[in-house]
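Asks: next come a sequence and a model predicted from it.
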Amino acid sequence: FFDAGLPLVIAAIATTLAIIILYRIANLKGLNILAAALVVFSGTCILTEMILDEYLNGSVDLRWSLIVSISVFPVAALLLFYHYRLKKGNYLDRFLHI
């Protein structure tokens, strides 16, 4: 438990606390909270793989967590763009010149 379980539990608690703090700090609540939560969860995926690789192999070799993180960042950017730019009355056709 102390080699793998405790660090994973601490990472999960830190993730939960970070999302709660970000929710309370945010002035406008909406998709920006979801985008921040996705970024925090991608960091948790990296920490999880690092902890498990160190426990199982004795060395850290990031594989699947980097793919998760790279996949999450465009989605988070799109959510932030929608929340801060398009939600204010601007429409997508103005940006795409339709």
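Replies: Great, that's in hand.

Asks: tell me the centre residue of this structure?
Replies: Nearest residue to the geometric centre of the chain (C-alpha atoms, centre = their mean): residue 39, 1.7 Å.

Asks: against which helices or strands is the helix or strand harbouring it packed?
Replies: For residue 39, the host element (DSSP states H and E) is helix 31-56. Applying 3 or more C-beta pairs under 8 Å, 6 or more residues apart in numbering; DSSP states H and E, one finds that helix 31-56 makes contact with helix 5-25, helix 64-84. No exception for glycine: its C-beta is placed from N, CA and C like everyone else's.

Asks: quick one: that helix to chain centroid distance?
Replies: How far helix 31-56 lies from its chain's middle: 6 Å, per C-alpha atoms, centre = their mean, to the nearest Å.

Asks: repeat that for stretch 21-40.
Replies: Using C-alpha atoms, centre = their mean, the offset of stretch 21-40 from its chain centre is 10 Å.

Asks: identify the residues contacting the residue nearest to the centre of the chain.
Replies: Shown in contact with residue 39 (C-beta atoms under 8 Å, 6 or more residues apart in numbering): 72-73, 76.

Asks: tell me the pLDDT at residue 92?
Replies: As predicted, residue 92 sits at a pLDDT of 56.

Asks: and what of residue 76?
Replies: pLDDT for residue 76: 95.

Asks: now residue 37. Nearest residue, chain neighbours left out?
Replies: residue 19 (5.1 Å; C-beta to C-beta, 6 or more residues apart in numbering).

Asks: make that residue 63, sorry
Replies: Closest to residue 63 by C-beta to C-beta, 6+ apart is residue 49, at 7.2 Å.

Asks: do you know how far the one you found is from residue 7?
Replies: Distance from residue 49 to residue 7, counting by C-beta to C-beta, to the nearest Å: 12 Å.

Asks: please apply the same query to residue 84.
Replies: 35 Å.

Asks: out of these two, which sits in the more crowded spot?
Replies: Higher neighbour count among residue 84 and residue 7: residue 7, with 17 against 14, using other C-beta atoms under 10 Å.

Asks: I am finished for the moment; much appreciated.
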